[in-house]
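Student: output the structure for:
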Amino acid sequence: MVVVHYAVEGVTDVPVIERLIRLCGGEPNQRLVARGKAKLDPKIPGILRSSGPQNPWVVLRDLDHDATCAVDFMRSMDYQRVQFAEVRIAVRQIEAWLLADHIGFSEAFAVPMSKLPADPDDCDDAKRAVIDACVHSRRRVIKSDMLPRPGSHRKVGPGYEGSVIAYATSGWDPNRAAERSGSLARAVDRISTLVERCSAS
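Tutor: You can find the predicted model right below:
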């Protein structure tokens, strides 16, 4: 079994990247939860330099509005391409990958599938799309957890983080999601190739 280290922006990314590494035949080994892209970005060059056949890495970062597309962002950061590490960019946020499993999301959050975006990768703000979808939830507890309190000036509700982690851990189907998210499908393909390369080394 290939042990794959990973670095992510925040705690809600952890179950997503662990599910993907396992899907691709690896065993995830957490190394870095940066608590924000501003703290993650400066560490990426060192991660790439430290990678090797016995020390593969996957870095997961949101694109947000830092560039028009993932390719332009990668060019702007001028990351060194290395054999045993992958920097994967979620377009535009990792929430788009979670929304892409429309069946799983609908069931987990009791939201009609008609209220979910047809093409999550095109969402300008996927986190906002999650909140907008949960407005239509049939369960009061989900609305209470996910929706921001009136007057709180917060973008999400008090149970947002825990609810997203629970869904990504058990309700989300990355194979199904990859059918509706090109960004996710590319990530699965590249992580699979990384694991295969390490297995052969």
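Student: pull out the buried positions in the helix or strand of the chain with the lowest mean pLDDT.
Tutor: Confidence across the helices and strands of the chain bottoms out at helix 70-77, with a mean of 90, counting by mean pLDDT, DSSP states H and E. Of the residues in helix 70-77, those with enough neighbours to count as buried (16 or more other C-beta atoms under 10 Å) are Ala70, Phe73. Using the backbone N, CA and C atoms, a C-beta is placed for each residue, glycine as well.
Student: over to stretch 5-16?
Tutor: By 16+ other C-beta under 10 Å, the buried positions in stretch 5-16 come out as His5, Tyr6, Ala7, Val8, Glu9, Thr12, Asp13, Val14, Pro15, Val16.
Student: what's the burial count for the residue nearest to Thr12 when sequence neighbours are not counted?
Tutor: In space, and not counting its chain neighbours, Thr12 is closest to Val164: 4.8 Å by C-beta to C-beta, 6 or more residues apart in numbering. Close neighbours of Val164, defined as other C-beta atoms under 10 Å, add up to 26.
Student: got it, and Thr193?
Tutor: 12.
Student: just confirm it is within a strand.
Tutor: No. Inclusion of Thr193 in a strand is not indicated when DSSP: H, G, I helix; E, B strand; the rest coil is applied; the result is helix.
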